[in-house]
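**Q** mind looking at a prediction? Sequence and model below.
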Amino acid sequence: MTVAVVLFTSDLRLHDHPPLRAALAAADEVVPLFVRDPAVHAAGFDAPNRSAFLADCLTDLDRALRERGGRLVVRGGPVAEVVSRVVTECGASEVHMAAGVTTHAHRRERRLRDALATCGAALHLHDAVITAVAPGALTPAGKDHYAVFTPYLRRWSQELLRQVLPAPRAVRVPDEVHGERLPSRDGLSGLSPDLPDGGETAGRARLSRWTRSSLAGYEDGHDDLAGDTTSRLSPYLHFGALSPVEVVQRARAHGGAGAEAFVRQVCWRDFHHQVLAARPDASVQEYRGHRDRWRTEANAADDIAAWREGRTGYPVVDAAMRQLAHEGWMHNRGRLLAAGFLTKTLYVDWRIGARHFLRLLVDGDIANNQLNWQWVAGTGTDTRPHRVLNPVRQGLRFDPTGAYVRRWVPELKNVDERLVHEPWRLPRAERAALDYPDPLMDLADGLARFKRARDRD
Ligand code: FAD
């Protein structure tokens, strides 16, 4: 009887799973393994919202495996040690897993390969599992990654994606391998009240529903803050409960301008992953241009606290920050405005904002979060690094009736739509009656500060 191990990481699904298919083809029995890695906890990456979503994903994966005669084996400990122990217990000769992108993933792969060599097993890494196109598969002449999105999109769009693989019908797991109890949401504290359900089943249902209802209108509607018609697939993609290859193939099969605009966004995801794979230090170091004059907790503690709490006095920024706290998710336009305000108006170090987002986002992802923050802060891949998004003008444009602001900032629920983005222009008595702060900083002052600092750097 031959045995193979499949190590699940950011690919918590059965559909379109190349490592699982390869293991099933190679062996009579397979151990589907997930390791609770203490390094993730040590790095503070197991924020409550993501831990809850992860628990849902693991429960759902276990259920789907049981329907096929198998089960998920969950164990805790350093990955290389745990996997080697499982390999020894069941006599496996190969381990299959998705190739990772982050420094943490690369270290894990190195350690695992070394540890497996000592027990006579081979590690097989599979590309295009976590992204649609493998990082490093596309490179411009003489460079190791694309630093500009548009040429990357052009190449990426011509790339033939592999065929989507069906979920296996049956999985046989060796009897002698046991795991711990699955993690659950119970006992987790500090969760956002309106978190989505995690798991492949919920993700696939959302993908089908959303494709039918909103994909066609995506091009026109994706920036409408109140309309809220983007896919909200980001946490399912982050945990790999959905395959990016399948998401792209299904959108393309649907066709039309909406699908094209949506696939372009999924390409941004691959773009950031290939930047991070080539420049792992971009998760903390500035990718381009180094600004050492950012304000930090030492000299901007009150401003940072007001931003975190959604009390900056700029309604659309505050609405976005409160949506983040309540749902563990924020609309992309809101992310752009909240991040732009922190970095370009308050001139606060983007890492402080990125850390706060990672503490709450259910889709919090090193590649997407850190590199989007750098893009907004002007230290990343934006070809116009000095652009500034004015929260009043952006609010009037992307939330013209103020419905988004009223949904999240109830203090402003009775303010007329003409002034909901500029409540400081209300008559003095009406303004005084609102329990809502004055703007933290004049936008012109913030901009002037940004320009002065930029010119000095
Ligand atoms: P849709 O509009 O439906 O897009 C479909 C998918 O494309 C998304 O699910 C996502 O996987 C991908 N995508 C869309 N926009 C982007 C983008 N700009 N960059 C990379 N991928 C994109 N996304 C994360 O997944 N995790 C993060 O931690 C994260 N942090 C961000 C921080 C900042 C400051 C900014 C400006 C953006 C961040 N994004 C992040 C990107 C984007 O805001 C979210 O992916 C998107 O809002 C998720 O909603 P959706 O699934 O409805 O997206």
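**A** Looks like it came in fine.

**Q** tell me which strands and helices the helix or strand hosting residue 75 is in contact with?
**A** Assigned by DSSP states H and E, residue 75 falls within strand 73-76. With contacts taken as 3 or more Cβ pairs under 8 Å, 6 or more residues apart in numbering; DSSP states H and E, strand 73-76 sits against strand 29-36, helix 79-90. Yep, even glycine has a C-beta here, placed from its N, CA and C like the rest.

**Q** roughly how far is the shortest one from the heart of the chain?
**A** Distance of strand 29-36 from the chain centroid (Cα atoms, centre = their mean, to the nearest Å) equals 24 Å.

**Q** then the helix or strand following that strand to PDB, C-alphas only?
**A** Following strand 29-36 in sequence order, the next helix or strand is helix 38-42 (DSSP H and E). Once non-C-alpha atoms are left out, helix 38-42 reads as follows in PDB (Å, rounded to 0.1, in the frame of the first residue of the first chain):
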ATOM      1  CA  PRO A  38       3.200  28.300  15.900                       C
ATOM      2  CA  ALA A  39       5.200  30.600  13.700                       C
ATOM      3  CA  VAL A  40       1.900  32.100  12.400                       C
ATOM      4  CA  HIS A  41       0.900  32.800  16.000                       C
ATOM      5  CA  ALA A  42       4.400  34.200  16.800                       C
END
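
**Q** thinking again about what came up before, among the helices and strands packed on strand 73-76, which comes closest to the ligand?
**A** Within the helices and strands packed on strand 73-76, the stretch nearest the ligand is strand 29-36; the backing value is 20.8 Å (Cβ to the nearest ligand atom).

**Q** what's next to the closest one, contact-wise?
**A** 1-9, 12, 20, 23-24, 58, 61, 65, 70-77, 79, 82-83, 86, 90, 92, 171-174, 177, 179-180, 183 (Cβ atoms under 8 Å, 6 or more residues apart in numbering).

**Q** and the strands in the protein?
**A** 3-8, 29-36, 73-76, 94-98, 122-126 (DSSP state E).

**Q** measure the closest residue to residue 12 other than its chain neighbours to residue 360 for me?
**A** Using Cβ to Cβ, 6 or more residues apart in numbering and skipping residues adjacent in sequence, the residue nearest residue 12 is residue 57, 4.1 Å away. Shown here: residue 57 relative to residue 360, a distance of 18 Å by Cβ to Cβ, to the nearest Å.

**Q** pick the most deeply packed of the strands of the chain.
**A** Of all these, strand 3-8 carries the top mean neighbour count, a mean of 26, counting by mean count of other Cβ atoms under 10 Å.

**Q** neighbouring strands for it, and are they parallel or not?
**A** Strand 3-8 has the following sheet partners, assigned by DSSP bridges: strand 29-36 (parallel), strand 94-98 (parallel).

**Q** compile the ones you listed into JSON lines and extend it with columns for distance to residue 160 and mean pLDDT.
**A** Putting those into JSON lines (distance: least, Cβ to Cβ, whole Å; pLDDT from 0 to 100) gives the following:
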{"stretch": "strand 29-36", "distance to residue 160": "29", "mean pLDDT": "98"}
{"stretch": "strand 94-98", "distance to residue 160": "20", "mean pLDDT": "98"}
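
**Q** now these as CSV including distance to residue 297?
**A** Conversion of those to CSV gives the following (distance: least, Cβ to Cβ, whole Å):
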stretch, distance to residue 297
strand 29-36, 31
strand 94-98, 37
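
**Q** and this structure, which of its residues are near the ligand?
**A** Applying Cβ under 6 Å from any ligand atom, we find that the chain lies next to the ligand at 222, 230-234, 237-238, 262, 265-266, 268-269, 272, 332, 335-336, 339, 357, 361, 363-365, 368-369, 372-373, 376.
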